[in-house]
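J.: any chance you could fold what I've pasted below:
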Amino acid sequence: MGGFDFGSITAVLPFLLKGLAYTVRLTIIAAAGGTLLGIVLALARLSHRRWLSRIAAGYINLMRSVPLLLVIFWFYFLVPVMLQSLTGAAYPPKIGAERSAYFTFILFEAAYFAEIVRAGIQSIPKGQVGAAYALGLTYAQAMRLVILPQALRNMLPVLLTQTIVLFQDVSLVALLNVTDFVGAAVKIAQRDSRVVEMYTLVAVVYFALSFLLSQGVRRLHRRVAIVR
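T.: As a prediction, this is how the structure comes out:
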């Protein structure tokens, strides 16, 4: 550590910031897409139609039971082969590493967000649904206007906490040679032989951002929590 060179960091800072921007962008898109798909999955799992509930539960349990890294590799390597088999094409279609990353994280995180949304909906007293029906609202209207707005307050801190975990998990896309923050640091470390500087910087940045975001979520939880 006595030879730690801060100049090696400042010289490549624009490249590192570009990688960090990609990491943040992937996190936001995956969180937004995962939340929307998670809401659909949660409603499907709570449905009184048994076949629909079983399909949603099967998907959620599958995604929550396999490692994220395996899902990334599965989507990147096997989905093109499956599409080739289904379409009869001469060659597997090129999905690309970045596109695979977006699809993988949305589909994977949706399973976790679905359970958070389901818990949030179930935290609302059943009398709220009965009151909505008494006012003449349909099931969809009751969910959209009465249940989900209240459930959002209960599940928002947990959703944000899961997003912080997602932010950390995005670093796995470096294994697909995607230039995210970790990927950019790895490339520079290998090119310039600055392993200590690059990996130390990555650790510090991840710790600082994750810690600050966690503190923000904690404060938000105290402000939006519904006292019963």
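J.: helix or strand right after the helix of greatest length in the chain?
T.: As assigned by DSSP state H, the longest helix anywhere in the chain is helix 13-45. Sequence order places helix 50-65 as the next helix or strand after helix 13-45, per DSSP states H and E.
J.: which residues are in contact with whichever helix or strand comes after that following helix?
T.: Beyond helix 50-65 in the direction of the C-terminus, DSSP H and E gives the next helix or strand as helix 68-73. Contacts with helix 68-73, where a contact means CB atoms under 8 Å, 6 or more residues apart in numbering, come from 63, 100-101, 104, 107-108, 169, 172-173, 175-176. No exception for glycine: its C-beta is placed from N, CA and C like everyone else's.
J.: so which bits of the longest helix of the chain are buried?
T.: 16, 19-20, 22-23, 26-27, 30-31, 33-35, 37-39, 41-45 (16 or more other CB atoms under 10 Å).
J.: in a markdown table: the contacts of helix 68-73, plus secondary structure.
T.: Conversion of these to a markdown table gives the following (DSSP: H, G, I helix; E, B strand; the rest coil):
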| residue | secondary structure |
| --- | --- |
| 63 | helix |
| 100 | helix |
| 101 | helix |
| 104 | helix |
| 107 | helix |
| 108 | helix |
| 169 | helix |
| 172 | helix |
| 173 | helix |
| 175 | helix |
| 176 | helix |
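J.: ok, and the most crowded of those?
T.: Using other CB atoms under 10 Å as the neighbour test, the contacts of helix 68-73 are led by residue 173, with 26 neighbours.
J.: so that one is in contact with residue 103, correct?
T.: No. With contact defined as CB atoms under 8 Å, residue 173 does not count as touching residue 103 (11.8 Å).
J.: how long is stretch 186-202 end to end?
T.: 10 Å (CA to CA, to the nearest Å).
J.: averaged pLDDT, that stretch. What do you get?
T.: Mean pLDDT, stretch 186-202: 86.
J.: one more: stretch 46-64?
T.: What stretch 46-64 shows for mean pLDDT is 92.
J.: may I have that stretch exported as PDB, CA atoms only?
T.: Output of stretch 46-64 as PDB, limited to C-alpha atoms (Å, rounded to 0.1, in the frame of the first residue of the first chain):
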ATOM      1  CA  LEU A  46     -53.000 -13.600  -4.900                       C
ATOM      2  CA  SER A  47     -55.600 -14.500  -7.600                       C
ATOM      3  CA  HIS A  48     -58.400 -16.800  -6.700                       C
ATOM      4  CA  ARG A  49     -57.800 -18.600 -10.000                       C
ATOM      5  CA  ARG A  50     -55.700 -21.500  -8.900                       C
ATOM      6  CA  TRP A  51     -53.900 -22.100 -12.200                       C
ATOM      7  CA  LEU A  52     -52.800 -18.500 -12.400                       C
ATOM      8  CA  SER A  53     -51.600 -18.500  -8.800                       C
ATOM      9  CA  ARG A  54     -49.700 -21.700  -9.400                       C
ATOM     10  CA  ILE A  55     -47.900 -20.400 -12.500                       C
ATOM     11  CA  ALA A  56     -46.900 -17.200 -10.700                       C
ATOM     12  CA  ALA A  57     -45.700 -19.100  -7.600                       C
ATOM     13  CA  GLY A  58     -43.800 -21.500  -9.800                       C
ATOM     14  CA  TYR A  59     -42.000 -18.700 -11.500                       C
ATOM     15  CA  ILE A  60     -41.200 -16.800  -8.300                       C
ATOM     16  CA  ASN A  61     -39.900 -20.000  -6.600                       C
ATOM     17  CA  LEU A  62     -37.800 -20.900  -9.600                       C
ATOM     18  CA  MET A  63     -36.100 -17.500  -9.800                       C
ATOM     19  CA  ARG A  64     -35.600 -17.400  -6.000                       C
END
